[in-house]
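Enquirer: Just need the structure, nothing else, for what follows:
(2 chains)
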Amino acid sequence: AQSVSQHNHHVILSEAASLELGCNYSYGGTVNLFWYVQYPGQHLQLLLKYFSGDPLVKGIKGFEAEFIKSKFSFNLRKPSVQWSDTAEYFCAVNLPTSGTYKYIFGTGTRLKVLA
Amino acid sequence: NAGVTQTPKFRILKIGQSMTLQCAQDMNHNYMYWYRQDPGMGLKLIYYSVGAGITDKGEVPNGYNVSRSTTEDFPLRLELAAPSQTSVYFCASSFGTYYEQYFGPGTRLTVT
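Expert: Predicted structure coming up:
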């Protein structure tokens, strides 16, 4: 069955450390890929997205993600995290199914950045 | 432009009670979704709608009902609340299934 895996459930970093959150999906065809962020007490909002083209995608607040098709991965990165990046991060895949598109979310990675 | 709005923000229900979670969007999106979010479980799709008058079940529809009489509104109804329905509920909308979704602020529901 199609799925999205986020292997890191909890990550704790100090400010200025580099971040990489893993996301892998299981589907052999063309997909659209997303990272959403949920700050404490807030709703999910889009961080970045990949539909096609350059596999290195830049999003808001200095985040970027790289789509590696051969590894079915879409890892999120940030060179230097800030305390305000403390949030839960969700990877999502949008894939074609039965004439439409189906959204699948990962289980999320909770990031805590220590000041 | 308010985006996606949800009411109420918080609610406590007793077992067996009923309630409706309201969701509205002002972006003229045809697609709307209801998710529940449980700790460590990510988002599970309850119901979705592809336009006014058209709804369909998602991954976890049992115990819920929806209606879509207008493009703007997509209420979620719980008929006989059970403790297993304690969760945070998010409504979302999108221009189409191909595109990103816009989320509301959520409703935190506790059933005791």
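
Enquirer: For the rest of this, base every contact and every neighbour count on C-alpha atoms.
Expert: Fine.

Enquirer: Residue of chain B closest to chain A, please.
Expert: Across chain B, the shortest distance to chain A (C-alpha to the nearest C-alpha) belongs to B:G42, at 3.7 Å.

Enquirer: Was I right to think that residue contacts A:R110?
Expert: No - using C-alpha atoms under 8 Å, B:G42 is not in contact with A:R110, being 11.0 Å away.

Enquirer: Show me what the residue positioned nearest the centre of chain B is bridged to.
Expert: By C-alpha atoms, centre = their mean, chain B has its centre lying nearest to B:W34, at 3.1 Å. Taking DSSP bridges as the rule, B:W34 bridges to B:Y47, B:C91.

Enquirer: Distance check, it against B:D26.
Expert: Using C-alpha to C-alpha, to the nearest Å, B:W34 is found at 16 Å from B:D26.

Enquirer: quick revisit: for the residue nearest to the centre of chain B, list the residues it contacts.
Expert: B:45-48, B:76, B:89-92 (C-alpha atoms under 8 Å, 6 or more residues apart in numbering or on different chains).

Enquirer: which one among the residues you listed gets closest to A:T100?
Expert: B:Y48 (12.7 Å; C-alpha to C-alpha).

Enquirer: Nearest residue to that closest one in space, ignoring adjacent ones along the chain?
Expert: The shortest distance from B:Y48 to any non-neighbouring residue, by C-alpha to C-alpha, 6 or more residues apart in numbering or on different chains, is to B:Y33 (4.3 Å).

Enquirer: hmm, stretch A:54-70 touching chain B?
Expert: No - applying C-alpha under 8 Å from any C-alpha of the partner chain, one finds stretch A:54-70 separated from chain B by no less than 13.5 Å.

Enquirer: B:Y31: neighbour count?
Expert: For B:Y31, the neighbour count with other C-alpha atoms under 10 Å in any protein chain shown is 22.

Enquirer: and chain B, which residues reach chain A?
Expert: B:40-44, B:90, B:97-98, B:100-106.

Enquirer: Now list the buried members of those residues.
Expert: Among these, those buried by neighbour count (16 or more other C-alpha atoms under 10 Å in any protein chain shown) are B:42-44, B:90, B:97-98, B:100-106.

Enquirer: Let's have those residues in CSV, adding distance to B:G3.
Expert: Formatted as CSV, those follow (distance: C-alpha to C-alpha, whole Å):
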residue, distance to B:G3
B:G42, 22
B:L43, 20
B:K44, 21
B:F90, 13
B:T97, 17
B:Y98, 19
B:E100, 13
B:Q101, 11
B:Y102, 8
B:F103, 8
B:G104, 8
B:P105, 10
B:G106, 13
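
Enquirer: In helices, which of the residues you listed appear?
Expert: Among those, none falls in helices (DSSP state H).
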